[in-house]
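Peer 1: with the sequence up front, the predicted model follows.
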Amino acid sequence: MSLEELIAQADARGLAASGLACSDRCVSLLVEDDELLRPLWAHLVDDSDWSESLAKVRAALGAVEPGPCSGSGADEAAGVARGMLLSAPAEREEGALREWAEACSSASLRVHRLLDPAGGDGVDEGLPLVAAELGRQTVVLQLLAEHGPQGLRRALDVSGEGRRVLRAVVSRRARAQA
């Protein structure tokens with residue numbers, strides 16, 4: 001099943017997890033705190049209101065000085081990552097979550113395209129970083145579709161793996177430019 005079909009069939013929790021996972025993988029472009037989004041994941045587990053925790057995340061992002069990352073796409077990628085979290089709906093209503101999940105999917109792929117060492121020409125075929133991100137997005141949605149709330153732990157693990165990969169790419173780019 002395609003990513004678009006998985007998003008179209010996802011329930012509110014799956015949509016929230018999809019958008020959050022995309023954001024979680026890219027947040028390392030903004031902050032080094034891997035736990036920043038953990039409270040939002042916890043709200044998905046117990047299906048509780050996340051608006052207060054989301055406001056705290058937004059405040060934390062607002063306190064981060066938007067500075068140069070490592071140039072050549074990294075600054076734009078950080079701006080896209082910030083936009084994903086700032087656009088998260090405070091109320092977890094399915095329509096708003098679907099729109100957010102779709103936007104986060106596209107934004108995350110854009111971030112990975114911008115940072116992919118093999119990229120640059122706007123064509124995704126053959127871009128390993130983009131292909132891996134597409135795979136992670138699909139896995140997260142499949143986990144939630146197949147396992148419901150029990151799939152959240154594994155979705156968080158998949159997201160953490162993607163965050164580490166993206167952080168390594170940014171670090172490698174910075175060393176190469178130094």
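Peer 2: Happy to help now that I have it.
Peer 1: just say helix, strand or coil for residue 91.
Peer 2: Assigned by DSSP: H, G, I helix; E, B strand; the rest coil, the conformation of residue 91 is coil.
Peer 1: and the contacts of stretch 43-53?
Peer 2: Stretch 43-53 has contacts (Cβ atoms under 8 Å, 6 or more residues apart in numbering) with 13, 16-17, 20, 39-40, 42, 90-92, 149, 152. Any C-beta I mention is one placed from the backbone N, CA and C, and that applies to glycine too.
Peer 1: and the helix or strand that contains residue 16, what does it pack onto?
Peer 2: Here residue 16, judged by DSSP states H and E, is contained in helix 12-26. On a contact count with 3 or more Cβ pairs under 8 Å, 6 or more residues apart in numbering; DSSP states H and E, helix 12-26 meets helix 38-46, helix 74-86, helix 94-115, helix 128-147, helix 152-177.
Peer 1: got the buried residues for the shortest one?
Peer 2: Residues of helix 38-46 classed as buried by neighbour count (16 or more other Cβ atoms under 10 Å): 40-41, 43-44.
Peer 1: next, the angle helix 152-177 makes with that helix.
Peer 2: 160 degrees (axes from the mean of the first three to the mean of the last three Cα atoms, to 10 degrees).
Peer 1: quick check: the gap between residue 159 and residue 140.
Peer 2: According to Cβ to Cβ, to the nearest Å, residue 159 stands 7 Å off from residue 140.
Peer 1: find residues that contact each of these two.
Peer 2: residue 21.
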